[in-house]
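>>> Okay, here's the prediction I keep looking at, along with the sequence it came from:
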Amino acid sequence: MLLKLLENISPKNFYVFVGKVIPWTLSFAILLITYGLYLGLFVAPTDYQQGEAFRIIYVHVPSAWLSLFAYSVLFASAVIALIWRIKIFEIIAISSAKIGALFTFLALVTGAIWGKPMWGTWWVWDARLTSELILFFIYLSIILLYNSFDDYRKGAKAANILAVIGFINIPIIHFSVEWWNTLHQGPSVMKFSAPSIASEMLVPLIYTSIGFTLYFVTALLLSARNILVDRERKSQWIQSI
Amino acid sequence: MEKFNRFIKKELLIASRSGYDFFMPTIYLLIIITSFNISVSYISKNIIIELVPLMIWLSCLLVCVLNLESVFKEDYEDGTLDYFFTSDNFHESFIIAKIFSHWALSVFPIVITSPIIGFLLGIDSQTTLILFLSLLIGTPAMSLLGSVVSALTLSLKRGKILLSIIVLPLYVPILIFGTSAVNNSFLNMNFYSELILLGIIFLIFLLISPVACLKSLKISLD
């Protein structure tokens, strides 16, 4: 079974494999996201404190989760690419960085939209927001580094090393930002101490999270396939398809 | 170890013959701090005195970032790196010696002068000491981490801005602990934990960065 899966890491087999997987992940993603959003937007009760505005969490929380998940995928494939020099994983790493950056941006934007009615400002120098912003910068720097090399394999290798360094650094950044925040800024706006969420609100969140993750997988594979086809334009197996 | 000493001796010799390079970071620091003071001069004096140590820290960080490009640049351009790469001299000891001599020549002058500047601008003596200590621990960590990124962007033509973009987010922990230590000392609070954490960060990067540097240099050189 595992060996069977491992066969898919050659460029040609990967192309075929992605073609087989994408319809499934995409349809399940659409199904789960629409069902989750329906439950979240129409069925879940209104929050007594935040009103209707809380419903943005059904987009915000999955994006924030994916911003971290995409980085773990990026790190894992970067390590694999650095150790075994597998071309497909270089491509997966860079597409994961791109999609992760998008999700981080989405998390920041939805957070700002939620923050405006709740806190009265678009932006607060809160620990979590700040570390998310720094994560966004790290994603951007990985993408920029990748794109500034003429030779894409060289760029991919450099970006992979940066991804590994970033992965080591992210916990330190998170810890330090939390340290900084607790010392400098009194918790005036985020004071409500993590209210345990009601199950009618939680269930849609789980649906949308899984749906978003499946969507992430779909987008990742599609983007990887596009990059692959773009690079192998002149190779024989592409000509034969 | 003998090799290590030889590398460092070579670097120091080159620096001593080239003259004024040693003073440039210090002059740059002075200019940045002057511009900082001009730009915040509209705020009331009480707030400015609180800002001064933090400002000096941030200026040192910026000088460090601008310095980074030159860690491997000369050796890359005149082919020394290629030579080391093909011979079996190309080891972690070379890289550590390189980073250390770069730190000693272009960052250490700032570490010495910034407490003097702070003292002249009216910080108390304890905070001056902590400023010195936190810079002394923090800047080597910055050099270690930065030289990896410098090695990655070595072969790029427009690497300078990219280098700052990559490095600054990664420097956030060092900046936070450094400024926090200085600020706590200014407010007469406990600052030891920040210094210890800075030391831990330094040790982590001391472990990682020679290996990562070697790997990145190999990529840049092929």
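That came through, no problem. Numbering: from 1, shown residues only, chains lettered A, B, ... in the order given.

>>> Could you pull out the helices in the chain for me?
I went with chain A, as the question did not name one. A:2-6, A:11-38, A:57-84, A:87-119, A:127-147, A:152-184, A:199-231, A:236-240 (DSSP state H).

>>> my bad, the chain I had in mind was chain B
Using DSSP H, helices in chain B cover B:2-18, B:24-39, B:45-67, B:73-77, B:80-86, B:92-102, B:108-120, B:125-152, B:159-170, B:172-186, B:192-221.

>>> Out of those, flag the one nearest residue A:136.
Residue A:136 lies closest, by C-beta to C-beta, to one member of the helices of chain B: helix B:159-170, at 8.8 Å. Any C-beta I mention is one placed from the backbone N, CA and C, and that applies to glycine too.

>>> Show residues contacting that closest one.
For helix B:159-170, contacts defined as C-beta atoms under 8 Å, 6 or more residues apart in numbering or on different chains pick out A:134, A:137-138, A:140-141, A:144-145, A:148, A:162, A:165-166, A:169, A:173, B:65-66, B:68-69, B:145-146, B:149-150, B:152-153, B:156.

>>> what do you get for stretch A:75-90?
Residues outside stretch A:75-90 that contact it (C-beta under 8 Å, 6+ apart) are A:9-11, A:14, A:92-93, A:96, A:153, A:156-157, A:159-161, A:163-164, A:167, A:224, A:228, B:215.

>>> residue ranges with poor pLDDT in the chain?
No chain was given, so I picked chain A. A:182-198 (pLDDT under 70).

>>> switch to chain B, that's the one I care about
B:19, B:89-90.

>>> residues from it in reach of chain A?
Chain B comes close to chain A at residues B:145, B:148-149, B:152-153, B:155-156, B:158-159, B:162, B:165-166, B:168-170, B:172-173, B:176-177, B:180, B:184, B:197, B:201, B:204, B:208, B:212, B:215-216, B:219-220, B:222, as judged by C-beta under 8 Å from any C-beta of the partner chain.

>>> possible to save the helices of chain A as TSV with mean neighbour count?
Conversion of these to TSV gives the following (neighbours: other C-beta atoms under 10 Å in any protein chain shown):
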stretch	mean neighbour count
helix A:2-6	7
helix A:11-38	16
helix A:57-84	20
helix A:87-119	21
helix A:127-147	21
helix A:152-184	20
helix A:199-231	19
helix A:236-240	11
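
>>> Just want the phi and psi numbers for the residue of chain B most remote from its centre.
Distance to the chain centre peaks in chain B at residue B:44, reaching 31.3 Å (criterion: C-alpha atoms, centre = their mean). The phi and psi values for residue B:44, taken as degrees, to the nearest 10, are phi -70, psi 150.

>>> Can I get stretch A:68-83 as PDB, trimmed to CA atoms?
C-alpha atoms of stretch A:68-83 as PDB (Å, rounded to 0.1, in the frame of the first residue of the first chain):
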ATOM      1  CA  LEU A  68      -0.300  26.800  10.600                       C
ATOM      2  CA  PHE A  69      -1.100  23.500   8.800                       C
ATOM      3  CA  ALA A  70       0.300  24.800   5.500                       C
ATOM      4  CA  TYR A  71       3.500  25.700   7.300                       C
ATOM      5  CA  SER A  72       3.800  22.200   8.700                       C
ATOM      6  CA  VAL A  73       3.200  20.800   5.200                       C
ATOM      7  CA  LEU A  74       5.800  23.200   3.900                       C
ATOM      8  CA  PHE A  75       8.300  22.200   6.500                       C
ATOM      9  CA  ALA A  76       7.700  18.400   6.000                       C
ATOM     10  CA  SER A  77       8.100  18.600   2.300                       C
ATOM     11  CA  ALA A  78      11.100  21.000   2.600                       C
ATOM     12  CA  VAL A  79      12.900  18.500   4.800                       C
ATOM     13  CA  ILE A  80      12.000  15.600   2.400                       C
ATOM     14  CA  ALA A  81      13.200  17.700  -0.600                       C
ATOM     15  CA  LEU A  82      16.400  18.600   1.100                       C
ATOM     16  CA  ILE A  83      17.300  15.100   2.200                       C
END
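
>>> any idea how far residue A:11 is from chain B?
Taking C-beta to the nearest C-beta, to the nearest Å as the measure, residue A:11 falls 22 Å from chain B.

>>> Over to residue A:211?
From residue A:211 to chain B the distance is 30 Å (C-beta to the nearest C-beta).

>>> What sits closest to that residue if chain neighbours are left out?
residue A:32 (3.2 Å; C-beta to C-beta, 6 or more residues apart in numbering or on different chains).

>>> so what's residue A:47 closest to, chain neighbours aside?
In space, residue A:47 is closest to residue A:54, 4.2 Å off (C-beta to C-beta, 6+ apart).

>>> right, and the helices of chain B - which one's nearest residue A:118?
Comparing these by C-beta to C-beta, helix B:172-186 comes nearest, at 26.0 Å.

>>> Could you pick out the residues of chain A near chain B for me?
A:82, A:134, A:137-138, A:140-141, A:144-145, A:148-149, A:154, A:157-158, A:161-162, A:164-166, A:168-169, A:172-173, A:175-177, A:179-180, A:183.

>>> now with 6 Å?
A:134, A:137-138, A:141, A:144, A:148, A:157-158, A:161, A:169, A:172-173, A:176, A:180 (C-beta under 6 Å from any C-beta of the partner chain).

>>> Residue A:45 is in contact with the residue nearest to residue A:47, correct?
No: counting by C-beta atoms under 6 Å, residue A:45 is not a contact partner of residue A:54; they are 10.1 Å apart.

>>> Which one's more surrounded, these two?
residue A:54 (19 against 8; other C-beta atoms under 10 Å in any protein chain shown).

>>> Would you show me how to pick out the buried ones of the residues of chain B next to chain A in ChimeraX?
Restricted to buried positions by 16 or more other C-beta atoms under 10 Å in any protein chain shown, the ChimeraX selection for the residues of chain B next to chain A reads:
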select /B:145,148,149,152,153,155,156,159,162,165,166,168,169,170,172,173,176,177,180,184,197,201,204,208,212,215,216,219,220
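
>>> Looking at the residues of chain A next to chain B, spot the one nearest residue B:188.
Within the residues of chain A next to chain B, the smallest distance to residue B:188 is 19.1 Å, found for residue A:180 (C-beta to C-beta).

>>> Understood, closing this out.
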